[in-house]
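Novice: the sequence and its predicted three-dimensional model are supplied below.
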Amino acid sequence: VTINDKFPLKDNGFSNTIKNFDKPRHRWYYFKEGFSPSLVEFAIKKVDVKSNDLILDPFNGSGTVTLVGAENRINSIGIEVNPFASFLSKAKIGNVSLRSVLKEESLVIKNVKVNNLYSPLLNFSTFSKTSQNVKWLFNRNVLNPFHTAFTYTKQIRNIDVRNLFRLSLIGAALDNCNALRDGKCLKYRNGWEELKFGKNSFLESFTNRLSIIKEDIKESKVDGSKIEIINGDSRQILNDKIKQKFKLCITSPPYLNSFDYTDVYRPELFLGNFIRSQAELLSLRKKTLRSHAAVSSKNLGKIDFGVLYAKSIEQIVKQKETTWQRKIPIMIQSYFEDMSIMFENLKSNAEKDAQLWLVVSNSAYNDVELPVDLILADIGCKKGWKLEEIGVLRYLHKRGTKYSPDINCLRESVVIFRA
Ligand SMILES: C[S@@+](CC[C@H](N)C(=O)[O-])C[C@H]1O[C@@H](n2cnc3c(N)ncnc32)[C@H](O)[C@@H]1O
């Protein structure tokens with residue numbers, strides 16, 4: 001196997017969103033797990049994708065691939081299980097006039113100033129202050145103005161315009177949330193009780209967000225007509241063939257790091273009314289790729305993931321002392337089972353000279369490094385893909401935990417296959 005340590009994109013921020021902050025539309029919502037549009041543009045050139053070819057991203061996240069597709073007028077399909085992320089991708093490719101945004105902006109603000117609807121999230125879980133909660137995500141005078149404005153957006157007829165407003169409102173609510181996203185969880189801000197987020201700070205964030213959007217829609221035109229964004233489980237959707245075979249599939253499946261996106265994006269899912277109860281959240285979690293600890297040991301299949309997998313798992317199994325550690329081998333097996341299914345389904349949807357680019361990161365459990373990229377290379381080849389190379393994107397530092405030491409060199413890479 002060729003691990004290319006001199007990959008041209010190494011150490012340039014291609015595997016993350018650092019480079020998105022100044023990119024029109026890409027910067028509308030911070031999605032920490034996203035990759036850079038420059039990576040997608042690089043792959044498009046390398047694979048020589050033409051506008052009638054198809055680019056596919058079965059883990060479309062915040063829609064980087066579909067937005068690059070829309071910017072370059074290339075047929076693209078993005079599949080994403082999380083309805084908030086799917087909504088975000090759609091919002092970014094909407095073509096709207098500045099005039100329609102200006103017209104609605106003043107109406108939304110006027111509405112919040114005059115009316116005060118009660119949010120259905122008041123008293124729900126940790127969303128607001130109750131007699132039981134010692135900490136709460138939103139102050140009432142953030143939740144209520146949010147709900148008032150969000151309700152008003154139902155009157156905006158043009159879906160693309162409505163999406164922009166809803167996105168700015170959700171973003172503004174999160175700017176005024178007492179907690180911040182921190183890796184796998186939400187962490188309360190230092191001195192959060194003193195911050196006193198309220199209606200005024202919420203409206204200020206909303207107008208700030210909308211001004212960035214207004215600036216961008218003036219400058220950057222996109223063509224959403226060649227883009228399809230499907231909200232659902234890609235393991236199933238790709239089982240039935242999609243409308244056209246792809247020339248390039250470029251994607252970043254959830255990393256095998258126990259990160260549960262449904263939990264981390266829980267505020268957005270409830271605020272945007274994508275999810276209405278804990279039961280719905282649980283059912284969404286079940287549709288996600290099994291890369292997190294909420295996996296079950298039931299129905300595990302046959303293990304056939306190659307020698308590297310067998311060696312690493314042998315070391316990891318030795319260390320299973322705590323409940324969490326006992327879950328790790330199950331999670332790892334489930335992840336590779338799901339990825340095997342993906343390789344098979346992708347193969348049947350690929351053109352004969354197609355390429356598959358998978359952005360992944362290795363993981364570490366205690367001090368055992370799991371070479372996810374190499375194991376995926378083994379599995380992909382078993383499923384009929386030919387490995388081109390593993391391009392190193394960077395080496396990551398992993399903070400130690402109670403159970404594991406710091407690790408300085410976890411490889412993040414792009415595994416490139418040919419059909
Ligand atoms: C690493 S993120 C992708 C980020 C994306 N490249 C971007 O630039 O925004 C992985 C995404 O896979 C999604 N996902 C997890 N399981 C899925 C499934 N079964 N089908 C489709 N998407 C899934 C997660 O919700 C998450 O948004």
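Specialist: The structure has been received and is ready for your questions. Numbering: from 1, shown residues only.

Novice: and this protein, which residues reach the ligand?
Specialist: For the chain, the contact set with the ligand under C-beta under 6 Å from any ligand atom comprises 31, 33-35, 59, 61-62, 64, 79-82, 85, 233-235, 252, 254, 261, 287-289. For glycine as for every other residue, the C-beta is placed from the backbone atoms N, C-alpha and C.

Novice: buried among those residues? Make that a PyMOL selection.
Specialist: Buried subset of these, written as a PyMOL selection, criterion 16 or more other C-beta atoms under 10 Å:
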select buried, resi 31+33+34+35+59+61+62+64+79+80+81+82+85+233+234+235+252+254+261+288+289
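
Novice: next step: the residues of the chain next to the ligand restricted to helices.
Specialist: Among these, the ones falling in helices (DSSP state H) are 64, 85, 234-235, 261.

Novice: run through the residues that contact the residue in the stretch 1-150 of the chain positioned nearest to the ligand.
Specialist: Closest residue of the stretch 1-150 of the chain to the ligand, C-beta to the nearest ligand atom: residue 61 (2.5 Å). Listed by C-beta atoms under 8 Å, 6 or more residues apart in numbering, the contact set of residue 61 reads 31, 33-34, 80, 85, 89, 252.

Novice: got those residues as CSV, with pLDDT columns?
Specialist: As requested, these are arranged in CSV below (pLDDT from 0 to 100):
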residue, pLDDT
31, 93
33, 90
34, 92
80, 98
85, 98
89, 98
252, 97
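
Novice: for the chain, which segments count as strands?
Specialist: 3-4, 54-57, 75-80, 179-182, 185-188, 227-231, 246-251, 350-361, 363-365, 368-370, 386-398, 407-418 (DSSP state E).

Novice: just put those in CSV and tack on distance to residue 13.
Specialist: Below are the strands of the chain laid out as CSV (distance: least, C-beta to C-beta, whole Å):
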stretch, distance to residue 13
strand 3-4, 18
strand 54-57, 19
strand 75-80, 22
strand 179-182, 19
strand 185-188, 24
strand 227-231, 25
strand 246-251, 17
strand 350-361, 13
strand 363-365, 21
strand 368-370, 23
strand 386-398, 8
strand 407-418, 11
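
Novice: of all those, which lies closest to residue 118?
Specialist: Judged by C-beta to C-beta, the one of the strands of the chain that comes nearest to residue 118 is strand 179-182, at 22.1 Å.

Novice: which of the residues in that closest one are buried?
Specialist: Neighbour counts over strand 179-182 (16+ other C-beta under 10 Å) mark 179, 181 as buried.

Novice: in the longest helix seen in the chain, what's buried?
Specialist: For the chain, the longest helix by residue count, based on DSSP H, is helix 323-348. For helix 323-348, burial by neighbour count (16+ other C-beta under 10 Å) applies to 325, 327-347.

Novice: elements contacting that helix?
Specialist: Applying 3 or more C-beta pairs under 8 Å, 6 or more residues apart in numbering; DSSP states H and E, one finds that helix 323-348 contacts helix 234-237, helix 307-318, helix 372-382.

Novice: got the angle for it vs helix 372-382?
Specialist: 40 degrees (axes from the mean of the first three to the mean of the last three C-alpha atoms, to 10 degrees).

Novice: chain center to helix 323-348, what's the gap?
Specialist: Distance, stretch centre to chain centre, for helix 323-348: 18 Å (C-alpha atoms, centre = their mean, to the nearest Å).

Novice: so that helix versus strand 350-361, what angle?
Specialist: Going by the same axes, to 10 degrees, helix 323-348 makes 160 degrees with strand 350-361.

Novice: which stretches of this structure aren't confidently modelled?
Specialist: Flagging of the chain using pLDDT under 70 yields the residue ranges 1, 18-20, 320, 322-324, 398-408.

Novice: measure the most centrally placed residue in it to residue 84 for me?
Specialist: Centroid-nearest residue in the chain: residue 61, 3.2 Å away (criterion: C-alpha atoms, centre = their mean). Separation of residue 61 from residue 84 (C-beta to C-beta, to the nearest Å): 11 Å.

Novice: over to residue 242?
Specialist: Applying C-beta to C-beta to residue 242 and residue 84 gives a distance of 23 Å.

Novice: so between those two, which is more surrounded?
Specialist: Taking other C-beta atoms under 10 Å, residue 242 and residue 84 do not tie; residue 84 has more neighbours (25 against 18).

Novice: right, and the more buried one touches residue 265 too?
Specialist: Yes - Residue 84 is within contact range of residue 265, at 5.4 Å (criterion: C-beta atoms under 8 Å).

Novice: ranking the helices and strands packed on helix 323-348 by mean neighbour count, which comes first?
Specialist: Most buried of the helices and strands packed on helix 323-348, by mean neighbour count (mean count of other C-beta atoms under 10 Å): helix 372-382, with a mean of 22.

Novice: of the ones in helices among the residues of the chain next to the ligand, which pair is most distant in space?
Specialist: Greatest spacing in those, by C-beta to C-beta: 64 and 235 (20.9 Å).
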